[in-house]
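Asker: sequence isn't available, so here's the structure alone:
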């Protein structure tokens, strides 16, 4: 399973806010630090606000901050709020299922179990556990990006 860019941006936003709890953070700042679209990020932040995870403060000196403690923000909950489709294969959607093997397919059960295990693992993780190993707080801390094995890490 692959997370959508929307979910990725939501998780990055929450992690950034968790590591900058001492001040309000702007959407422009998060977009610039991560090199992502400000307009797309505005939609993500709006949704995070609706879930109650993020508080938005309007006005000239406004910005964003976490509305809950990082230990109270469950990553499985975030993924469920931001992902729209957990159908791993065509057979998960009865209205569009054209697979000939569906009536007796064991693969569907395996994929359902895999999806449940994936979400169960995410349910055991909090935002606090993701941000404990963060570098010291700075305005624009570099983020270590780990590529596939055999390549050198780069700093974003």
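Answerer: It's in. Quick caveat, the model's predicted, so the values are computed rather than measured. Numbers count the residues shown, from 1 in each chain.

Asker: next secondary structure after the biggest helix by length in the chain?
Answerer: Longest helix of the chain, by residue count under DSSP state H: helix 107-123. Next helix or strand after helix 107-123 toward the C-terminus (DSSP states H and E): helix 127-131.

Asker: re earlier: which outside residues touch the longest helix of the chain?
Answerer: Here helix 107-123 makes contact (Cβ atoms under 8 Å, 6 or more residues apart in numbering) with 1, 74-77, 79-80, 86, 88-89, 91-92, 101-102. C-betas here are computed from N, CA, C, even on glycine.

Asker: and it, which residues are buried?
Answerer: With burial defined by 16 or more other Cβ atoms under 10 Å, the residues of helix 107-123 counted as buried are 108, 111, 119, 122.

Asker: stretch 72-85: end-to-end distance?
Answerer: Stretch 72-85 has an end-to-end distance of 25 Å (criterion: Cα to Cα, to the nearest Å).

Asker: could you report the pLDDT at residue 112?
Answerer: pLDDT recorded at residue 112 is 86.

Asker: actually residue 135, sorry about that
Answerer: At residue 135, pLDDT is 56.

Asker: next: the one 10 residues further on.
Answerer: For residue 145, the model assigns a pLDDT of 45.

Asker: again with the one 10 residues further on
Answerer: At residue 155, the model reports a pLDDT of 53.

Asker: go on, residue 54?
Answerer: Per-residue pLDDT puts residue 54 at 96.

Asker: contacting residues around it?
Answerer: Contacts of residue 54 by Cβ under 8 Å, 6+ apart are 13, 14, 17, 45, 48, 64, 65, 66, 67.

Asker: quickly find the element holding the fifth one.
Answerer: Meaning residue 48. Here residue 48 is assigned to helix 38-51, by DSSP H and E.

Asker: just the buried residues of helix 107-123 now: which is nearest residue 132?
Answerer: Distance to residue 132, by Cβ to Cβ, is smallest for residue 122 among the buried residues of helix 107-123, at 16.9 Å.

Asker: excluding sequence neighbours, find me the nearest residue to the closest one.
Answerer: residue 76 (3.8 Å; Cβ to Cβ, 6 or more residues apart in numbering).

Asker: likewise residue 93?
Answerer: That would be residue 87: by Cβ to Cβ, 6+ apart, it lies 5.2 Å from residue 93.
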